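**Q** sequence? don't have it. structure:
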Ligand SMILES: O=C(O)CCC(=O)C(=O)O
Ligand SMILES: [Fe+2]
């Protein structure tokens, strides 16, 4: 079995995947250096930086941020759920310092999504026109995250759940054995479907959490009516430019990203 088949199996079963050593220590250091240069306020009430839409967000901070848009190690995994035609929907960075509290568990699609009409404990039958998995996030870890520190947390397999998240788990995810904080060292990428029930665990690390989140949609759906715009004066490849296109029907009005590669 190829590595890709293994990744496909695990991504399908778990709803997320951690790929280690995608970025070298030098690449991680370069991205962190660019972030340092922004002189952002100390993380506190705010956990996010460099968000877009609107504008290009942190992509404007340097080419290394743009190189991640279609990094070779992630494209074939994005293709599992998004097919050949997808677009960049939004981006933001996350930073946290010791003592920062957790966020709530959530899912954007499926039984636990805010728009689902599922009742707790009742089987939720999916309708044909429901969007389940059209949205995949790539989180680039610029600092170690995992059970000892905090960071991204999720309920593996929950993207396939037919029942709404029970209130007990939502109230105290830190006490629920089904909620895990995957080990994801600096230089790793976490890919997850937004149908997965996930969230942010409290940060206990002595170091600052730093992550860059790139969120991709199948080409014909969009999360908002606002768009990430390409950075100014940074040269993008033809394939990277496609990621900034307006939503459109795959193939007919939105080209395959894999022909241009
Ligand atoms: O990495 C995290 O802390 C979770 C971020 C999140 O909730 C999301 O990307 O939708
Ligand atoms: Fe989320």
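**A** Looks like it came in fine. Not measured: the values here are computed from a predicted model. Ligands and ions are numbered 1, 2, ... in the order given.

**Q** what does the protein put close to ligand 1?
**A** Those residues of the chain that sit near ligand 1, judged by CB under 6 Å from any ligand atom, are 94, 137, 139, 151, 152, 198, 199, 200, 211, 213. The way it works is simple: take the backbone N, C-alpha and C, and place the C-beta from them, glycine included.

**Q** most surrounded residue in these?
**A** Among those, residue 151 has the most neighbours (other CB atoms under 10 Å), with 27 neighbours.

**Q** what helix or strand is whichever residue of the stretch 1-150 of the chain sits closest to ligand 1 on?
**A** Residue nearest to ligand 1 within the stretch 1-150 of the chain: residue 137 (4.9 Å; CB to the nearest ligand atom). Under the assignment given by DSSP states H and E, the secondary-structure element containing residue 137 is strand 135-141.

**Q** can you map out the helices along the stretch 151-261 of the chain?
**A** Here the stretch 151-261 of the chain has its helices, by DSSP state H, counting those that start in this stretch, at 167-171, 238-242.

**Q** got it, and the stretch 1-150 of the chain?
**A** 3-14, 25-37, 63-67, 72-82.

**Q** output the helices of the stretch 151-261 of the chain in CSV, with mean pLDDT and mean neighbour count appended to each entry.
**A** CSV is the format used below for the helices of the stretch 151-261 of the chain (pLDDT from 0 to 100; neighbours: other CB atoms under 10 Å):
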stretch, mean pLDDT, mean neighbour count
helix 167-171, 96, 13
helix 238-242, 97, 17
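
**Q** any chance of these in JSON lines with distance to residue 33 as columns?
**A** Supplementary listing: these in JSON lines, determined by distance: least, CB to CB, whole Å:
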{"stretch": "helix 167-171", "distance to residue 33": "38"}
{"stretch": "helix 238-242", "distance to residue 33": "22"}
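
**Q** ok, and what's touching stretch 233-246?
**A** For stretch 233-246, the external contacting residues (CB atoms under 8 Å, 6 or more residues apart in numbering) are 59-60, 62-63, 66, 69-70, 86-88, 216, 219, 227-230, 254-255, 257, 260-261.

**Q** ok, of those, which come out buried?
**A** 59-60, 62, 66, 69-70, 86-88, 216, 219, 227-228, 230, 254-255, 257 (16 or more other CB atoms under 10 Å).
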